[in-house]
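A.B. asks: Need a 3D model of the sequence below.
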Amino acid sequence: MSEKFTIARYTKDNEHFEVLVKPNKALDYRNGKIAGITEVLAAETIFADANKGTRVKDDDLKKAFGTTDPLKIADVIIKKGQLQLTTEQRRKMVEDKHKQIVDYISRQAVDPKTNLPHPPMRIENAMEQIRFPIDPYKSVEEQARDIIRLLRPILPLKVEQISVGVHIPAQYAQRAYGSVKTYGAIKREEWRNDGSWYGVLEMPAGSYASFLNKLGEVTKGSGEAKTI
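C.D. replies: Here you go, the predicted model:
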């Protein structure tokens with residue numbers, strides 16, 4: 001298959017369903033960047049094997065998808081199935097996923113000797129040593145767990161959650177609340193009579209330093225936080 005058109009494949013009950021797609025538009029459609037599926041498809045045909053030109057029978061489509069409408073079926077195949085990526089797409093997706101994993105590890109894990117997060121560059125260098133094959137389709141969390149396990153012999157890592165008590169003065173409470181809650185799970189909170197906010201957040205230990213920076217930024221240094 002040339003890179004002008006590639007295959008999107010969806011498997012259900014051990015049966016394969018394929019459509020021919022324009023690779024860049026298919027990826028954009030899957031990511032919600034474009035809405036028109038007709039822009040994506042090279043042909044409004046559902047194949048059992050696109051390379052051989054073998055079409056799926058209507059009865060089999062009805063059984064698997066509850067419809068024979070090729071556009072509705074193609075929507076499922078592209079969004080839930082596997083896209084055959086071009087070389088450039090795969091390279092870009094692997095690079096993006098790699099960066100997300102490094103960021104995730106930096107936020108979730110700390111050096112057990114200092115209880116501080118490792119700098120991203122240190123994590124990058126350690127990951128080069130283990131040569132972990134990044135999968136562009138697997139989740140960041142799933143791959144990060146495996147990578148942390150492999151990194152521990154060469155880079156001390158501890159993954160733990162901490163509880164942080166936070167107080168935001170009234171004049172910043174409404175505005176700062178949205179930023180604060182993105183750093184962890186709010187376990188307890190109260191809006192006090194003076195308009196201030198107090199809450200207890202559970203967050204990754206590696207996020208604590210960046211949380212303090214953000215809290216200081218959105219409250220002009222008047223917010224208070226401490227581990228409890």
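
A.B. asks: neighbouring strands for the least confident helix or strand in the chain by mean pLDDT, and are they parallel or not?
C.D. replies: Ranked by mean pLDDT, DSSP states H and E, the weakest helix or strand in the chain is strand 158-159, scoring a mean of 86. If you go by DSSP bridges, strand 158-159 pairs up with strand 109-110 (antiparallel).

A.B. asks: what domains does the record give for this structure?
C.D. replies: For the chain, the structural domains run 6-83, 87-159, 161-227, going by automatic domain parsing.

A.B. asks: need the contact list for D60.
C.D. replies: By C-beta atoms under 8 Å, 6 or more residues apart in numbering, D60 lies in contact with E15. Every residue, glycine included, has its C-beta placed from N, CA and C.

A.B. asks: In three-state terms, label it for me.
C.D. replies: Under the three-state scheme (DSSP: H, G, I helix; E, B strand; the rest coil), D60 adopts helix.

A.B. asks: any idea of the pLDDT on E3?
C.D. replies: You'll see E3 listed with a pLDDT of 54.

A.B. asks: try A74
C.D. replies: Per-residue pLDDT puts A74 at 96.

A.B. asks: Mind telling me what element it is part of?
C.D. replies: helix 70-80 (DSSP states H and E).

A.B. asks: elements contacting that helix?
C.D. replies: strand 6-12, strand 15-21, helix 23-30, helix 58-65 (3 or more C-beta pairs under 8 Å, 6 or more residues apart in numbering; DSSP states H and E).

A.B. asks: Which parts of the chain are strands?
C.D. replies: With strands called from DSSP state E, the chain shows them at 6-12, 15-21, 47-49, 54-55, 82-83, 109-110, 158-159, 161-168, 185-191, 197-204, 224-227.

A.B. asks: Now those strands in CSV, please, with extra columns for mean neighbour count and distance to K92.
C.D. replies: Output for the strands of the chain, formatted as CSV (neighbours: other C-beta atoms under 10 Å; distance: least, C-beta to C-beta, whole Å):
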stretch, mean neighbour count, distance to K92
strand 6-12, 20, 15
strand 15-21, 22, 17
strand 47-49, 16, 27
strand 54-55, 13, 32
strand 82-83, 18, 13
strand 109-110, 24, 26
strand 158-159, 15, 29
strand 161-168, 19, 33
strand 185-191, 12, 32
strand 197-204, 19, 27
strand 224-227, 13, 38
